[in-house]
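Trainee: Structure of the sequence below:
(chains A and B)
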Amino acid sequence: MNALMIKGLLFAAILIGATIYVVDSMNIDLSDPINMITMIGAIAIAVLTVGVSIKYINQMKSDTAGGELCEDKWDGIGEYKNELPGGWAYSWLGTVIWAFWYMISGYPVNAFSQIGQYNDEVKAYNVKFEEMHNSADASTLKEMGESIFLVQCAPCHGSTGDGLSGKAHDFTSRMSKIQILDVIAKGSNQLGYPMGAMPKDMATGADAEAIAIYVAGGMKGEQPAAFAACASCHGADGKGMSGMAPNLTVFDETLVGNVVKNGKKGALGKMPAFNDRMTPVQIKALAAYIATLKG
Amino acid sequence: MFHWLEKNPFFFSVGVFIVIAFAGLIEILPNFAEASRPVVGLKPYTVLELAGKEVYKKDNCIACHSQLIRPFKSETDRYGQYSLSGEYAYDRPFLWGSKRTGPDLHRVGNYRTTDWHENHMWEPTDVVPGSIMPAYKHHFTNIADIETAYAEAVTVKNVFATPYGDEFQATKEAWEAHKAVVLAEAKTITADMKNKDVKEAVAAGKIPEIVALIAYLNRLK
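Mentor: Residues are numbered from 1 along each chain as shown, chains lettered A, B, ... in the order given. Here you go, the predicted model:
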């Protein structure tokens, strides 16, 4: 055993010790096979590096050149004709065969697409999301609804939902007088309720005015007689007969869902449909949040 | 032969170039040919939209807004369906941008409306309180250059065979005839707008930049 060997072993021991120290101090769980294999790999690299270095340093000390030279010389520097090493040649052939397998059946050209990966990810995420939230409690829904509202709705309706002084629908009350008069005069067939289209001019003049004041005021106090025209679809209490027609008193889940799905054009302007941008759970969450905005 | 190549660096370089170029060609060309075709149903920009695109370029919207939605869930949740290369087939040049100081606009037509753009371009903080976007009030008074937009349409039709109809010709008569179509389109935009000056200008046959720009933004879907 010469001095080089001793230095090499010492160096290998230091590397192994350092590896074990790092593994130990980082609290790595070695029962996980990946971690175990990684640590063994690190130690193997240390041992191999030292071993190979020792071999070649010794060889450099004693080896002399021999063998047949090539004909060509470059600036007087020659090159030996070495036989192709067998191990190298077989690995090379193996790589060629592996490359054919890789291209033809392993991972053929076009087997991967970024969009395919995206689709898989979204599908998996949606399944997980629906599972996680299909029985979400009220506060979770409200929180989720708020974040959806801030991203998707706030640019037009304002971050407080007040409609930015008449630029969009104000969620702090159900409808304003102007909006009600507009829909009475023009009718509506936009939201896809089972009751179908609302004809225009169901009420006019003073009757329409009375209805607008009554509904805009939250349907409190005495009901005007003209409201009978509305009650046949929206119900005497204005609650929309359990989802047959829009609820005139609050933003319920059906109403929010239908507006999100179909968009809406009214007295204030046009809202585009957000149909493909929200899942049923998100619409439920949004409705839960909008319900809390009421002034 | 290899010894010969080693002694002739020029031919060696040519050989290396051919090998690498071949690999590049079979990777790039088929995919490129496939992806640069317009997607089904894609229509070329109307003259008004082209004029709006010019405004977009002129006022350098691209410095803060991108037009490219990547296939990541975080992006598609916010901006909608990821972008396909065939959607840009008629964009000359495309306006992908590389900086998002503001949001991506590739599908802004799906979730913003004419009246929103009107409010927003007049004074961004009116609708988005924390916005750092500057106001573009000059769009409401500057008149859009629809003649140049028409010339652009005729040029891309002749040079790149963009499918505009036969009525797109480089003659004064053809332009006069088409001008009515552009004005009619501008009127569908102003119908949803509130600014009186803009409405009057369009009624008088002049199209302010804001109308063209909104037509372009609404088209981005």
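Trainee: so is the nearest residue to residue A:54 once chain neighbours are set aside in a helix, a strand, or just coil?
Mentor: Counting by Cβ to Cβ, 6 or more residues apart in numbering or on different chains, residue A:54 lies nearest to residue A:8, which is 4.7 Å off, once chain neighbours are set aside. C-betas here are computed from N, CA, C, even on glycine. Following DSSP: H, G, I helix; E, B strand; the rest coil, the label given to residue A:8 is helix.
Trainee: Do I have it right that residue A:8 meets residue A:55?
Mentor: No. In this structure, residue A:8 is not within contact of residue A:55 by Cβ atoms under 8 Å, at 9.9 Å.
Trainee: Looking at those two, which is more packed in?
Mentor: residue A:8 (19 against 11; other Cβ atoms under 10 Å in any protein chain shown).
Trainee: What residues does chain A have near chain B?
Mentor: Proximity of chain A to chain B, by Cβ under 8 Å from any Cβ of the partner chain, involves residues A:72, A:114-115, A:117-118, A:121-122, A:125, A:151-152, A:155-156, A:158-159, A:164, A:167-168, A:269-272, A:274, A:276-277.
Trainee: tell me what the lengthiest helix in chain B is packed against?
Mentor: Counting by DSSP state H, the longest helix found in chain B is helix B:9-35. Applying 3 or more Cβ pairs under 8 Å, 6 or more residues apart in numbering or on different chains; DSSP states H and E, one finds that helix B:9-35 makes contact with helix B:2-7.
Trainee: Quick check: next helix or strand after the lowest-mean-pLDDT helix or strand in chain A?
Mentor: Taking mean pLDDT, DSSP states H and E as the measure, chain A has helix A:163-166 as its least confident helix or strand, at a mean of 83. Note on helix A:163-166: by DSSP states H and E, the next helix or strand toward the C-terminus is helix A:177-186.
Trainee: coming back round to it: and the residues of chain A next to chain B, which are buried?
Mentor: With burial judged by 16 or more other Cβ atoms under 10 Å in any protein chain shown, the buried subset of the residues of chain A next to chain B is A:118, A:122, A:152, A:155-156, A:158, A:164, A:167-168, A:269, A:271-272, A:274, A:277.
Trainee: As JSON lines, those with distance to residue A:86 and secondary structure would be great.
Mentor: Shown next, in JSON lines, are those (distance: Cβ to Cβ, whole Å; DSSP: H, G, I helix; E, B strand; the rest coil):
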{"residue": "A:118", "distance to residue A:86": "47", "secondary structure": "helix"}
{"residue": "A:122", "distance to residue A:86": "51", "secondary structure": "helix"}
{"residue": "A:152", "distance to residue A:86": "67", "secondary structure": "helix"}
{"residue": "A:155", "distance to residue A:86": "70", "secondary structure": "helix"}
{"residue": "A:156", "distance to residue A:86": "74", "secondary structure": "helix"}
{"residue": "A:158", "distance to residue A:86": "77", "secondary structure": "coil"}
{"residue": "A:164", "distance to residue A:86": "79", "secondary structure": "helix"}
{"residue": "A:167", "distance to residue A:86": "80", "secondary structure": "coil"}
{"residue": "A:168", "distance to residue A:86": "78", "secondary structure": "coil"}
{"residue": "A:269", "distance to residue A:86": "80", "secondary structure": "coil"}
{"residue": "A:271", "distance to residue A:86": "75", "secondary structure": "strand"}
{"residue": "A:272", "distance to residue A:86": "71", "secondary structure": "coil"}
{"residue": "A:274", "distance to residue A:86": "68", "secondary structure": "coil"}
{"residue": "A:277", "distance to residue A:86": "63", "secondary structure": "helix"}
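Trainee: In the stretch 101-250 of chain A, what residue lies closest to chain B?
Mentor: residue A:118 (3.8 Å; Cβ to the nearest Cβ).
Trainee: Write out the residues of chain B neighbouring chain A.
Mentor: Along chain B, the residues adjacent to chain A under the rule Cβ under 8 Å from any Cβ are B:3, B:6-7, B:71-73, B:76-78, B:80-82, B:110-116, B:119, B:126-129, B:192.
Trainee: could you point out which element follows the longest helix seen in chain A?
Mentor: Ranked by residue count and defined by DSSP H, the top helix of chain A is helix A:33-62. Following helix A:33-62 in sequence order, the next helix or strand is helix A:86-101 (DSSP H and E).
Trainee: List the contacts of stretch A:34-48.
Mentor: Stretch A:34-48 has contacts (Cβ atoms under 8 Å, 6 or more residues apart in numbering or on different chains) with A:12, A:15, A:16, A:19, A:20, A:23, A:28, A:29, A:30.
Trainee: per-residue confidence averaged over stretch A:177-194?
Mentor: When pLDDT is averaged along stretch A:177-194, the result is 88.
Trainee: And for stretch B:6-19?
Mentor: 92.
Trainee: Distance from that stretch to the middle of the chain?
Mentor: 44 Å (Cα atoms, centre = their mean, to the nearest Å).
Trainee: Repeat that for stretch A:154-173.
Mentor: In terms of Cα atoms, centre = their mean, the centre of stretch A:154-173 is set 27 Å apart from its chain centre.
Trainee: Okay, and the closest residue in space to the residue of the stretch 101-250 of chain A closest to chain B that isn't next to it in sequence sits in which element?
Mentor: Excluding the flanking residues, the one nearest residue A:118 by Cβ to Cβ, 6+ apart is residue B:71, at 3.8 Å. Using DSSP H and E, residue B:71 sits in no helix or strand.
Trainee: Next up, the contacts around residue B:71.
Mentor: Applying Cβ under 8 Å, 6+ apart, we find residue B:71 in contact with A:114, A:115, A:117, A:118, B:82.
Trainee: Give me the mean pLDDT for the helix or strand hosting the second one.
Mentor: Secondary structure from DSSP H and E places residue A:115 in helix A:114-133. Mean pLDDT, helix A:114-133: 89.
Trainee: elements contacting that helix?
Mentor: Secondary-structure packing of helix A:114-133 (3+ Cβ pairs under 8 Å, 6+ apart): helix A:138-148, helix A:280-291, helix B:73-79.
Trainee: out of those, which comes closest to residue A:194?
Mentor: With Cβ to Cβ as the criterion, residue A:194 lies closest to helix A:280-291 of the helices and strands packed on helix A:114-133, at 17.9 Å.
Trainee: Counting by contacts, list what the closest one packs against.
Mentor: Short answer (3+ Cβ pairs under 8 Å, 6+ apart): helix A:280-291 packs on helix A:114-133, helix A:138-148, helix A:253-262.
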